[in-house]
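Participant: Test case, fold it:
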Amino acid sequence: MCYITIYYFISKLHEYLAYNTTYSEENIWEGPRSYASFNVKIPRSKVNFKLFVKHEERYKNGSEHNILAEIHLSPKKEALFLFSVLIPQRDLLTFDAFFNITASKFNSSFGRLKFIETVPKSYLIHFNGAWFTEDYIVIKVNYKNHNRLQALKMLIETDSFEATTINAAYRRTQTFTYSNLKFKYGNDLYDFALQLNSRPDNVKPAICEIHINLKEKKYWLNSSLLMSQPKLWEVELHMDR
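Facilitator: As a prediction, the model looks like this:
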């Protein structure tokens, strides 16, 4: 085992900094460990700031990083921060992260994030956690990016507001571009769709259609542009209530 230690000291402010790094040669799965501490104490005052940070790496079944930070402002003002991330050994991108924050006179705040690439350019994301007020939140995401097609599905659940669902799609070919966004908040549904003919010529006009649904109100816009001389542009607008 080897280690490196650095000390730094200033007498006027009673400032103290220490850094230590260790590495185990006996256990090949244990990576380096680093420790850093910082302390500031001003004479004739109540300032006594202390910070301790610990970082360690592990390599079994992938790469794991753990960070622990302690902050002390006074005996009644303390905070503890823990962060951990695991990156498994696989060809596709995947990681699992977790954090926890504990502070004096507050409830703990924590969260966990899972990121999985199921197949190339297809991802599953799941996050759940709680804030200091004990308000929880759950987010589920499914995203695909396949050349000319991109699709996103998202679900957000929390006790702070109504459940929210988002569905989005974007498709592009040589002749048209299509985008669609559906947003549902509680029982209220919002929908936006756009289709554009992207290859106009002197015979076929460029056509753009937009559909918007806002709860019980529907709006529809149709626009066409003929590139011949003279140019002709037609617009139709429909509003339904």
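Participant: Strand partners (parallel or antiparallel) of the host helix or strand of Asn142?
Facilitator: Assigned by DSSP states H and E, Asn142 falls within strand 136-146. The strands beside strand 136-146 in its sheet (DSSP bridges) come out as strand 122-130 (antiparallel), strand 149-158 (antiparallel).
Participant: Columns distance to Thr177 on top of those strands, output as CSV?
Facilitator: No exception for glycine: its C-beta is placed from N, CA and C like everyone else's. Below are the strands paired with strand 136-146 laid out as CSV (distance: least, Cβ to Cβ, whole Å):
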stretch, distance to Thr177
strand 122-130, 22
strand 149-158, 12
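Participant: Next, format these as JSON lines and append distance to Val138 and mean neighbour count.
Facilitator: Shown next, in JSON lines, are the strands paired with strand 136-146 (distance: least, Cβ to Cβ, whole Å; neighbours: other Cβ atoms under 10 Å):
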{"stretch": "strand 122-130", "distance to Val138": "5", "mean neighbour count": "16"}
{"stretch": "strand 149-158", "distance to Val138": "4", "mean neighbour count": "16"}
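Participant: what's across from Phe192 in the sheet?
Facilitator: Applying DSSP bridges, one finds that Phe192 bridges with Leu181, Ile212.
Participant: on that earlier part again, dump the strands paired with strand 136-146 into CSV; add mean pLDDT as well.
Facilitator: Listed next are these as CSV, based on pLDDT from 0 to 100:
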stretch, mean pLDDT
strand 122-130, 97
strand 149-158, 95
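Participant: And stretch 92-106, what's buried?
Facilitator: Residues of stretch 92-106 classed as buried: 94-102 (neighbour count, 16 or more other Cβ atoms under 10 Å).
Participant: looking at the strands paired with strand 136-146, which is closest to Lys50?
Facilitator: Set against Lys50 and scored by Cβ to Cβ, the strands paired with strand 136-146 come closest in strand 122-130, at 27.2 Å.
Participant: Put the alpha carbons of the closest one into PDB.
Facilitator: Written as PDB, here are the backbone C-alpha positions of strand 122-130 (Å, rounded to 0.1, in the frame of the first residue of the first chain):
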ATOM      1  CA  SER A 122     -32.200   3.200 -27.500                       C
ATOM      2  CA  TYR A 123     -32.300   4.300 -23.900                       C
ATOM      3  CA  LEU A 124     -34.300   3.700 -20.700                       C
ATOM      4  CA  ILE A 125     -34.000   6.200 -17.900                       C
ATOM      5  CA  HIS A 126     -35.600   5.900 -14.500                       C
ATOM      6  CA  PHE A 127     -35.200   8.300 -11.600                       C
ATOM      7  CA  ASN A 128     -36.900   8.400  -8.200                       C
ATOM      8  CA  GLY A 129     -36.200  10.400  -5.200                       C
ATOM      9  CA  ALA A 130     -37.500  12.800  -2.500                       C
END
